[in-house]
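# got a sequence here, can you model it:
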Amino acid sequence: METSVVEELDVLVIGGGFSGIYQLERLRSLGFSVSLYEAGADAGGVWHWNRYPGARVDTEATLYQFSDERIWREWNWSEIFPGQEELQAYFRFVTDRLDLARDIRYSTRVVAARFDDRTDTWTVESRDERTGETFRTRARYVLPLLGTGSKALVPEIPGLADFAGDHFHTSRWPQGYDMTGKRVAVIGTGASGVQVVQSIAPEVAQLTVFQRTPATALPMISRKLDAAANDELRRGYPELFRYRETTFGGLEYDVIYTPTADVSDEEFEATLEELWAKGGLQIWLGGYADMFFNAEVGHRIYAFWRKKTLARIKDPALAEKLAPETPPYPFGTKRCPLEYTYYDAFNRDNVELVDVRETPIEKVTRTGIVTADGREHEFDVIVLATGFDSFTGGLTDIDVRSTSGESFAEVFRDGARTALGRATSGFPNMLYVYGPQSPSAFCNGPTCAELEGEWVVNCLVHLRDNGLTRIEATPEAEKEWHDHLEALASATTFPLANSWYMNANVPGKKRELLAYPGGLPTYLEKCRQSAENGYAGFALS
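From the prediction side, this is the model:
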């Protein structure tokens with residue numbers, strides 16, 4: 001198949017989410033020749049792909065947006081936690097307002113990349129998803145801005161391919177698919193599973209939820225916003241965008257650093273009540289920081305959560321499965337999904353819960369799912385709410401080769417390797433934002449896209465202005481960063497849970513914490529120190 005070179009670029013950006021759009025606009029404004037390739041038919045990243053019923057952001061819209069005044073001065077949010085369609089509309093507004101579409105190739109999937117040591121450039125092979133044709137692009141720098149949810153994790157369940165009904169992953173939900181009157185299985189109770197369950201329960205004939213580990217879902221309190229409310233929010237945006245740099249998760253609230261040992265039981269309970277009433281992730285990323293270092297604190301918060309949750313579930317036996325007395329993991333070591341009617345859905349006659357720790361899924365037949373107790377559950381649809389191969393999955397999904405011919409899968413065989421979560425030795429001129437070993441999963445996405453992204457922008461300007469054509473992470477810096485993360489992780493409770501934070505959801509991958517747990521301010525300070533010291537940790541030439 002013809003693979004002619006169609007573009008010669010300074011920078012090729014891969015991925016049309018917040019990070020990709022930010023890099024495209026900033027680099028173009030600074031005079032770089034830059035294009036963005038997006039596999040989807042529109043910008044938005046996860047908000048293009050995750051079109052399942054009930055898909056909704058779990059951090060407040062006030063900071064889940066770009067800080068560019070050209071955008072927020074004109075854009076109005078309809079509610080605090082907007083849904084997928086509104087976020088997709090937001091991305092269309094951004095690309096139109098900033099005239100970005102002329103430099104974006106949609107429906108273009110990057111499939112391979114090779115580096116030329118003689119010219120310090122990448123040759124990237126891409127496929128047009130509409131025609132199947134492939135073409136090549138040469139670029140000095142490649143920015144694979146793939147996020148943590150670009151590679152869907154589909155479990156290997158015997159017989160799944162033989163199922164006669166419909167089956168699909170939540171991130172590949174068929175456009176306009178109607179669930180009305182169908183018998184539906186939902187496998188998984190993470191964020192997407194919670195949102196799907198509460199959304200489709202009233203309209204399906206039968207809904208069976210297959211749960212491995214119960215979620216610690218928190219109430220989403222999404223107040224509506226009219227024009228006057230948006231105007232009021234706008235007055236505070238400049239200060240809010242400055243404040244986010246000082247908070248652990250890049251949010252409009254911060255964790256409570258006061259040791260819980262210094263707090264009375266009455267004050268502890270009162271604080272939890274206050275945070276619960278505010279809704280959202282506040283009890284997690286705005287709660288007591290001790291929970292991330294002391295499992296007993298996490299268990300105390302879990303007991304508070306359980307008391308609140310049990311009051312909503314009528315069947316005591318079912319309640320024990322959804323909110324067991326013994327915490328399945330220390331509170332906060334897994335992401336807390338946000339919900340509004342998830343627990344109420346299980347009070348419906350048409351909703352059943354199957355605990356796959358008690359009765360594991362054995363196989364899928366043409367008509368349904370067989371569990372270990374010999375029962376066959378018959379379905380019309382199987383929904384795989386089974387998450388993603390996070391952090392490194394997007395990188396390993398592309399046939400990128402290092403200067404020694406190794407793929408990312410081979411280089412990351414014994415664990416991820418990066419300097420500052422920015423780059424990997426052997427892959428020159430390739431820089432990440434929101435990648436492995438960066439704050440990623442513990443930080444607000446748009447905040448990281450901009451604050452991490454500005455380091456990349458400044459770095460590329462530094463290289464250009466100094467007549468340099470190559471940057472590469474050093475093995476010494478990778479080891480130093482790995483050891484730093486290991487030391488931080490070992491002091492936290494995160495290793496006590498089998499979460500996607502720990503890579504524990506992907507068979508064969510090393511179990512390790514791949515999101516920087518030291519908080520955004522500490523991370524940004526380390527990035528600043530590197531830049532101020534001539535991009536220490538990176539070889540420039």
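# what secondary structure does the nearest residue to Q175 once chain neighbours are set aside sit in?
Spatial nearest neighbour of Q175, chain neighbours left out: R51 (6.8 Å); criterion: C-beta to C-beta, 6 or more residues apart in numbering. Every residue, glycine included, has its C-beta placed from N, CA and C. Using DSSP: H, G, I helix; E, B strand; the rest coil as the criterion, the local structure at R51 reads coil.
# any idea how far R51 lies from S107?
Distance of R51 to S107, computed by C-beta to C-beta, to the nearest Å: 16 Å.
# show me which of the two is the more surrounded one.
When neighbours are counted by other C-beta atoms under 10 Å, R51 comes out ahead of the other of R51 and S107, with 18 against 15.
# go ahead and confirm the residue nearest to Q175 touches W173.
Yes. Counting by C-beta atoms under 8 Å, R51 touches W173, with 4.9 Å between them.
# part of a helix, is L36?
No. With three-state DSSP as the criterion, L36 is strand rather than part of a helix.
# quick one: low-confidence ranges for the chain?
Residues of the chain meeting the criterion pLDDT under 70: 1-3.
# residue nearest the middle of it, spatially speaking?
T148 (4.3 Å; C-alpha atoms, centre = their mean).
# list the contacts of that residue.
Applying C-beta atoms under 8 Å, 6 or more residues apart in numbering to T148 gives the contacts 388, 390-391, 434, 440-441.
# is V383 in a helix, a strand, or coil?
Here V383 takes the strand state, with states given by three-state DSSP.
# how close does the nearest residue to it once chain neighbours are set aside get to F168?
Distances taken as C-beta to C-beta, 6+ apart place V186 nearest to V383, at 4.7 Å, with adjacent residues excluded. Separation of V186 from F168 (C-beta to C-beta) stands at 12 Å.
# so those two - more neighbours on which side?
Neighbours were tallied for V186 and for F168 using other C-beta under 10 Å; the higher tally belongs to V186 (26 against 16).
# now for the host helix or strand of that one, which elements pack on it?
If you go by DSSP states H and E, V186 is part of strand 183-187. With contacts taken as 3 or more C-beta pairs under 8 Å, 6 or more residues apart in numbering; DSSP states H and E, strand 183-187 sits against helix 191-200, strand 206-211, strand 381-384.
# about what we covered before: and the residue nearest to the centre of the chain, that's in a strand?
No. Counting by three-state DSSP, T148 is located in no strand; its state is coil.
# now it. Its backbone dihedrals?
phi -100, psi -10 (degrees, to the nearest 10).
# check the gap between it and T123 for me.
Distance of T148 to T123, computed by C-beta to C-beta: 27 Å.
# and for G368?
Using C-beta to C-beta, which is the criterion applied here, G368 is 48 Å from T123.
# higher neighbour count, these two?
When G368 and T123 are compared on other C-beta under 10 Å, the one with more neighbours turns out to be G368, at 22 against 17.
# list phi and psi for the nearest residue to that one once chain neighbours are set aside.
With sequence-adjacent residues excluded and distances taken as C-beta to C-beta, 6+ apart, G368 is closest to E378, at 4.0 Å. In terms of degrees, to the nearest 10, the main-chain angles of E378 are phi -90, psi 140.
# which one of the helices and strands packed on strand 183-187 lies closest to R312?
If you check each of the helices and strands packed on strand 183-187 against R312 by C-beta to C-beta, helix 191-200 wins as the nearest, at 11.9 Å.
# thinking again about what came up before, so what sits against both of V186 and F168?
Looking at what touches both V186 and F168 (by C-beta under 8 Å, 6+ apart), the common residues are V383.
# L87 should be in a helix, yeah?
Yes. With the criterion set as three-state DSSP, the secondary structure at L87 is a helix.
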